[in-house]
Structure formats: C-alpha cells, structure tokens
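**Q** quick one, what's the 3D model for this:
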Amino acid sequence: MAKHPPVIVHPPTSTGGRRVTVHGRIVGLAHGRGEMAALLRAAGFAPGPDDAVELDRPGLIEWRGGDLDTWG
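**A** Next up, the predicted model:
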C-alpha cells in the first residue's frame with residue numbers, strides 16, 4: 001500500500017475552492033494559497049501563527065487535480 005503525505009488537497013469543487021484533509025480528516029476548504037497556509041498553520045504545520053508554511057514541500061502535501069496554482 002502506497003503511503004500518502006499527511007496533507008491531501010483535493011481537486012477543485014464546482015463552486016470553487018479545494019477540500020483539504022490532514023491525516024484523513026477534513027480541515028477546511030481553501031480558495032487560495034493564503035487560506036491553504038492558514039489551514040496548515042491551524043493544523044500545526046508551522047511553528048507559530050505567523051510562520052511560513054511550505055506549500056510545495058515534497059512529502060508534506062499531495063496535490064490532486066492540479067497544483068498549488070489551481071484553485072477553481
């Protein structure tokens with residue numbers, strides 16, 4: 001069985017945005033890089049609330065149905 005990264009960003013929905021799951025649990029719907037980073041900060045993927053989150057770090061995020069520039 002293939003191992004997936006802890007964060008999965010699902011394909012864009014018909015109404016816009018992308019569902020984000022962390023360890024199989026839905027943490028929210030992101031409509032862009034800023035919202036995506038905020039969801040990951042809230043899930044503990046940054047040391048502090050104002051610290052950067054690497055949205056293109058291999059092994060952390062699996063982007064399905066597009067990359068980090070595909071939002072709608």
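**Q** which residues in the protein form helices?
**A** Using DSSP state H, the helices of the chain run over 33-42.
**Q** pLDDT weak spots in it?
**A** Scanning the chain for pLDDT under 70 picks out the ranges 1-2.
**Q** and the nearest residue in space to Gly16 that is not next to it in sequence, how close does it get to Gly65?
**A** What sits nearest to Gly16 in space, not counting adjacent residues and going by C-beta to C-beta, 6 or more residues apart in numbering, is Gly72, at 4.2 Å. From N, CA and C alone the C-beta is placed, and that goes for glycine too. Gly72 is 11 Å from Gly65, where distance means C-beta to C-beta, to the nearest Å.
**Q** common neighbours of the two, please.
**A** Pro12 (C-beta atoms under 8 Å, 6 or more residues apart in numbering).
**Q** first-to-last residue distance for stretch 40-48?
**A** 11 Å (C-alpha to C-alpha, to the nearest Å).
**Q** next one: stretch 28-38
**A** End to end - C-alpha to C-alpha - stretch 28-38 spans 10 Å.
**Q** what sits up against that stretch?
**A** 9, 13, 16-20, 39, 46, 52-53, 55, 68, 71-72.
**Q** ok, and for that stretch, which residues are buried?
**A** Gly28, Ala30, Glu35, Met36, Ala37, Ala38 (16 or more other C-beta atoms under 10 Å).
**Q** may I see those residues arranged in a markdown table, with distance to Pro5 as well?
**A** As requested, the buried residues of stretch 28-38 are exported to a markdown table (distance: C-beta to C-beta, whole Å):
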| residue | distance to Pro5 |
| --- | --- |
| Gly28 | 17 |
| Ala30 | 16 |
| Glu35 | 19 |
| Met36 | 14 |
| Ala37 | 16 |
| Ala38 | 19 |
